[in-house]
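S.K.: I'd like to go over a predicted model; first the sequence, then the structure.
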Amino acid sequence: MAARCPYFAVEESSRGIRSGESPAAALRRILATPGAHQAPCCYDALGARLVERAGFPIGFMGGFCVSAARLGLPDVGLISYGEMVDQGRLINEAVSIPVIGDGDNGYGNSMNIKRTIKGYINAGFAGIMLEDQVAPKACGHTEGRKVISREEAVMHIKAAVDARKESGSDIVIVARTDSRQAISHDEALWRVKAFADAGADVLFIDALASVEEMKAFCAVAPEVPKMANMLEGGGKTPILSPAELEEIGFRLVVYPLSLVGVSMRAMQDK
């Protein structure tokens, strides 16, 4: 049987965007409170509303599930910036919780990343996740992924921070590295530390392979929140409970395939 993630109820005070509060400010407030805050990945407005109705404080628009639902295609860099912004706008208009959008690899160079940041801000996102894969990208936890150089990866995060300042926004920048699988665990630790120094607000290493690696990650730049992804049904990273993840040091937990997987199974069942 595939591993399943336990979920837990969220205090009412941690939910929703308050009056006069920007989506990003709400996300920052939630991440500043104790706990490993859960964010199931949604791919449309209905799913986002169900995430909100279930009491989760944060939503996450994942590239894998949007590519699957909108295009019927795998997560290999085929979905475009414009399609993701369009989908995100519909999702954000449907809910009153902060939503993080998957920005893939920013859809190009530093100039493209600046445009991506500004587009995600205008679509209502509270945060954006940017990764350091080369184009065309590959789905997380798959073999054969390649990453851009250290210098270019850091430059991309700096470009995102600059775009945020230029927009007068407080959007949360989630900096992801895929270098754990592409190069080494040590390389991934170096990159997330450099991303934190460049101004990233949340750090994420994809495909950590053990609890020991997860602990080493959380020890880097301890003042910056860390994100974990629990890939139900299989993956490199151990499936842990929110309490276990909080004890290790994670502040944000996403579930990339849970909703799309359940939806597919329901449509297939007779």
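M.R.: Sure thing, it's come through.
S.K.: what number of residues lie near residue 82?
M.R.: When neighbours are defined as other Cβ atoms under 10 Å, residue 82 has 10 of them. To be clear about C-beta, it is placed using only N, CA and C from the backbone, and glycine gets the same treatment.
S.K.: buried set for the host helix or strand of it?
M.R.: Element membership of residue 82 [criterion: DSSP states H and E] is helix 81-94. Of the residues in helix 81-94, 81, 84-85, 87-89, 91-92, 94 count as buried by neighbour count, 16 or more other Cβ atoms under 10 Å.
S.K.: now stretch 137-152: average pLDDT?
M.R.: Looking at stretch 137-152 alone, the average pLDDT works out to 83.
S.K.: which helix or strand lies directly C-terminal to the helix or strand that contains residue 192?
M.R.: In this structure, residue 192 sits in helix 185-198 according to DSSP H and E. On the C-terminal side of helix 185-198, the nearest following helix or strand under DSSP H and E is strand 202-205.
S.K.: chain center to that next one: distance?
M.R.: 8 Å (Cα atoms, centre = their mean, to the nearest Å).
S.K.: after it comes which helix or strand?
M.R.: Counting by DSSP H and E, the element after strand 202-205 in chain order, helix or strand, is helix 211-218.
S.K.: show me what the helix holding residue 82 is packed up against.
M.R.: Secondary structure elements in contact with helix 81-94, counted by 3 or more Cβ pairs under 8 Å, 6 or more residues apart in numbering; DSSP states H and E, are helix 45-53, strand 59-61, helix 63-66, strand 99-102, helix 110-122.
S.K.: which one of the buried residues of helix 81-94 is nearest to residue 54?
M.R.: residue 94 (14.2 Å; Cβ to Cβ).
S.K.: just give me the neighbour total for the residue lying closest to that closest one once chain neighbours are set aside.
M.R.: Spatially, and ignoring its direct neighbours in sequence, residue 94 is nearest to residue 45 (3.7 Å; Cβ to Cβ, 6 or more residues apart in numbering). The criterion is other Cβ under 10 Å. On that basis, residue 45 has 16 neighbouring residues.
S.K.: in the stretch 101-250 of the chain, where is pLDDT below threshold?
M.R.: 140-142 (pLDDT under 70).
S.K.: let me have the helices and strands packed on helix 81-94 in CSV, extended by distance to residue 188.
M.R.: Converted to CSV, the helices and strands packed on helix 81-94 look like this (distance: least, Cβ to Cβ, whole Å):
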stretch, distance to residue 188
helix 45-53, 29
strand 59-61, 21
helix 63-66, 20
strand 99-102, 19
helix 110-122, 20
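S.K.: which one of those lies closest to residue 262?
M.R.: helix 45-53 (10.0 Å).
S.K.: what's that closest one packed up against?
M.R.: Packing contacts for helix 45-53, counted by 3+ Cβ pairs under 8 Å, 6+ apart, involve strand 37-42, strand 59-61, helix 81-94, helix 258-268.
S.K.: fine, thanks again, bye for now.
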